[in-house]
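Undergrad: coordinates only, sequence not included:
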């Protein structure tokens with residue numbers, strides 16, 4: 001693959017609600033492009049998004065990391081849940097690049113973004129490869145830890161929940177509608193609808209403290225064409241509570257290992273795409 005001098009440029013793409021989705025394009029002028037999706041209350045600036053985009057860029061593959069509506073620099077209001085709406089944000093991004101004669105060879109998401117890319121692949125069958133990094137298989141789990149005990153009774157009574165951060169300050173609001181959307185999003189059912197030709201890489205840290213590593217194994221049981229890779233000792237953010245050696249690229253060994261798993265998978269996908277184009 002030709003190595004072109006890369007440049008990073010900020011740009012905005014409109015979603016179907018006319019909201020500007022702000023992202024950074026790591027432009028190498030490759031025909032192929034990879035779209036990266038952040039997790040809950042995160043953004044395109046999260047180190048996993050930046051590190052993977054930079055690694056792709058260094059290997060001559062263009063990447064686009066963007067903020068979902070209501071997150072980071074994008075327009076719109078932040079919502080709890082919102083899985084399918086974020087899948088539609090991703091749809092707007094993919095349609096934009098497809099319209100610009102680029103080939104989206106893979107979509108990658110971390111945490112909630114991992115769910116979003118799988119939901120996208122279950123609804124639209126136009127992407128040949130998906131990378132699910134630390135997504136949650138059962139969306140009924142993990143809510144009590146975030147919203148507190150008896151969250152259902154409280155939301156039934158008041159119609160909403162105000163969630164505070166660790167400092168006791170207001171963080172975000174959860175409406176009954178958004179809570180129900182999460183509870184009614186069935187990842188098992190969605191994964192069964194992913195096209196068998198779509199290759200799915202499932203990556204998870206063995207000591208993930210937010211989403212248990214067992215969720216990765218559950219995904220592997222139901223996704224038709226998948227490869228499972230567990231990164232030993234990695235937590236949810238692919239960092240470690242112990243002091244770690246930082247590489248020349250400025251990221252920890254678990255971040256480097258994550259890149260070393262994702263990069264060959266995507267490069268292989270680009271090669272396959274190149275073969276198809278030349279046939």
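TA: Arrived safely, thanks for sending. It should be emphasised that the depicted structure is a prediction, and the values quoted were computed from it without experimental measurement.
Undergrad: report the secondary structure state of residue 256.
TA: Three-state assignment for residue 256 (DSSP: H, G, I helix; E, B strand; the rest coil): helix.
Undergrad: all helices of the stretch 151-279 of the chain, in order?
TA: 151-158, 176-183, 187-192, 214-222, 253-278 (DSSP state H, counting those that start in this stretch).
Undergrad: got it, and the stretch 1-150 of the chain?
TA: Under DSSP H, counting those that start in this stretch, the stretch 1-150 of the chain gives helices at 47-58, 83-99, 112-123, 143-147.
Undergrad: rewinding a little: now for the helices of the stretch 151-279 of the chain, which one comes closest to residue 61?
TA: Smallest distance to residue 61 across these (CB to CB): 6.1 Å, for helix 253-278. In this view, the C-beta of every residue, glycine as well, is placed from N, C-alpha and C.
Undergrad: center of the chain, which residue is that?
TA: residue 109 (1.5 Å; CA atoms, centre = their mean).
Undergrad: separation between the residue lying farthest from the centre of the chain and residue 176?
TA: Distance from the C-alpha centroid of the chain peaks at residue 157, with 33.4 Å (CA atoms, centre = their mean). As defined by CB to CB, to the nearest Å, residue 157 lies at a distance of 10 Å from residue 176.
Undergrad: low-confidence ranges in the stretch 1-150 of the chain?
TA: Within the stretch 1-150 of the chain, the stretches with pLDDT under 70 are 1-6.
Undergrad: let's see it at 50
TA: 1-4 (pLDDT under 50).
Undergrad: number of residues surrounding the closest residue to residue 259 other than its chain neighbours?
TA: What sits nearest to residue 259 in space, not counting adjacent residues and going by CB to CB, 6 or more residues apart in numbering, is residue 55, at 4.6 Å. Neighbours of residue 55 under the rule other CB atoms under 10 Å: 22.
Undergrad: how much space between residue 55 and residue 168?
TA: 39 Å.
Undergrad: next: residue 161.
TA: Noted for residue 161: a distance of 15 Å to residue 168, by CB to CB.
Undergrad: of those two, which one has the most company?
TA: Using other CB under 10 Å as the criterion, residue 161 and residue 168 rank with residue 161 on top: 20 against 7.
Undergrad: was I right about that one contacting residue 149?
TA: No: using CB atoms under 8 Å, residue 161 makes no contact with residue 149, being 11.8 Å away.
Undergrad: tell me which residues of stretch 165-172 are tucked away?
TA: Buried residues in stretch 165-172, counted by 16 or more other CB atoms under 10 Å: residue 172.
Undergrad: nearest residue to residue 258 other than its sequence neighbours?
TA: Nearest non-adjacent residue to residue 258, counting by CB to CB, 6+ apart: residue 238, 4.9 Å away.
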